[in-house]
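Visitor: Here is my input, please return the structure:
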Amino acid sequence: MANEPFNEPRLALNRIYTRGGDRGLTSLVGGQRVQKDSSRIECFGTVDELNAFTGAARLEASSHDTTAELATILTRIQHELFNLGSILATLPEDVHPRQPRVTARDVEQLETEIDRYNDALPALRSFVLPGGTALGVSLHVCRTVCRRAERITIALSKAEAVPEEAVTYLNRLSDALFVWSRWANVAQGVEELLWQPNESASGG
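Guide: Alright, predicted model coming up:
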């Protein structure tokens, strides 16, 4: 354990329902009871939603040989999103030094992957519409949920202390998801759908 940067989970989830939240309250990591519609709960709840969509994208990626490598990356992203949720669910005074969180190293890894995957893509001449492959669309869904999580995290940071890396990570992850959505179409040999304003009913 001495070589582990973060503490391992110490949970015993034997009972799924406790009735403790029946009055609209839930607990933070430090034990504080807060309203379920509070900004902090909305923040890490949206990160949890993003994690679920990322899991769906990972399953889609793992079903194709050409995108199997991306499935492995998305598995790591799911772990990082859980680490992010851990730190967002904790008030600053309760954070343990070895508590899971996202760090600058996670951001740097995303930047490396963005550059590597983007180098394999054709230059863009218009905005991309979600389309092409099922994986490409799934990653676009992840991107939009990630942007929402980023907005909510920024809003929370205006009222309460939030680690700077949380916003940076979500910002960089949304960029990565965009690049991966494009790459998924290229990897599967499907042409991406570009925005053409005059394809609208009023522009034709």
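Visitor: How about residue 180: what's its closest non-neighbour residue?
Guide: Leaving aside its chain neighbours, residue 180 sits nearest to residue 139 (5.2 Å; criterion: C-beta to C-beta, 6 or more residues apart in numbering). Any C-beta I mention is one placed from the backbone N, CA and C, and that applies to glycine too.
Visitor: tell me which element the one you found falls in.
Guide: helix 134-157 (DSSP states H and E).
Visitor: Which element, helix or strand, includes the nearest residue to residue 6 once chain neighbours are set aside?
Guide: With sequence-adjacent residues excluded and distances taken as C-beta to C-beta, 6+ apart, residue 6 is closest to residue 100, at 4.4 Å. Per DSSP H and E: residue 100 is located in neither a helix nor a strand.
Visitor: mind checking how far residue 100 is from residue 106?
Guide: Separation of residue 100 from residue 106 (C-beta to C-beta, to the nearest Å): 11 Å.
Visitor: who touches both of the two?
Guide: residue 83 (C-beta atoms under 8 Å, 6 or more residues apart in numbering).
Visitor: how about the strands in the protein?
Guide: 25-27, 33-35, 128-129, 193-194 (DSSP state E).
Visitor: Return the list of strands paired to the last one, each annotated with direction.
Guide: I take that to be strand 193-194. Within its sheet, strand 193-194 is paired with strand 128-129 (antiparallel), according to DSSP bridges.
Visitor: Not counting the partner strand itself, show me its contacts.
Guide: 178, 181, 182, 192, 193, 194, 195.
Visitor: surely the second one meets residue 139?
Guide: Yes - under the criterion of C-beta atoms under 8 Å, residue 181 makes contact with residue 139 at 3.7 Å.
Visitor: And these two? Which one has more around it.
Guide: Using other C-beta atoms under 10 Å, the more surrounded residue of residue 181 and residue 139 is residue 139, with 29 against 25.
Visitor: got the contact list for the more buried one?
Guide: Contact analysis of residue 139 by C-beta under 8 Å, 6+ apart lists 57, 177, 178, 180, 181, 184.
Visitor: Now for those residues: which two are most distant?
Guide: Spatial extent of those (C-beta to C-beta) is set by the pair 57 and 178 at 12.8 Å.
Visitor: Tell me which of the two has more neighbours.
Guide: More neighbours surround residue 57 than the other of residue 57 and residue 178, with 28 against 20 (other C-beta under 10 Å).
Visitor: pretty sure the more buried one contacts residue 77?
Guide: No - checked against C-beta under 8 Å, the pair residue 57 and residue 77 is beyond contact range at 9.2 Å.
Visitor: Just the pLDDT for the closest residue to residue 73 other than its chain neighbours.
Guide: Spatial nearest neighbour of residue 73, excluding adjacent residues (C-beta to C-beta, 6+ apart): residue 113 at 6.5 Å. pLDDT, residue 113: 98.
Visitor: Pretty sure residue 113 sits against residue 175.
Guide: No - at 10.0 Å, residue 113 does not count as touching residue 175 under the criterion of C-beta under 8 Å.
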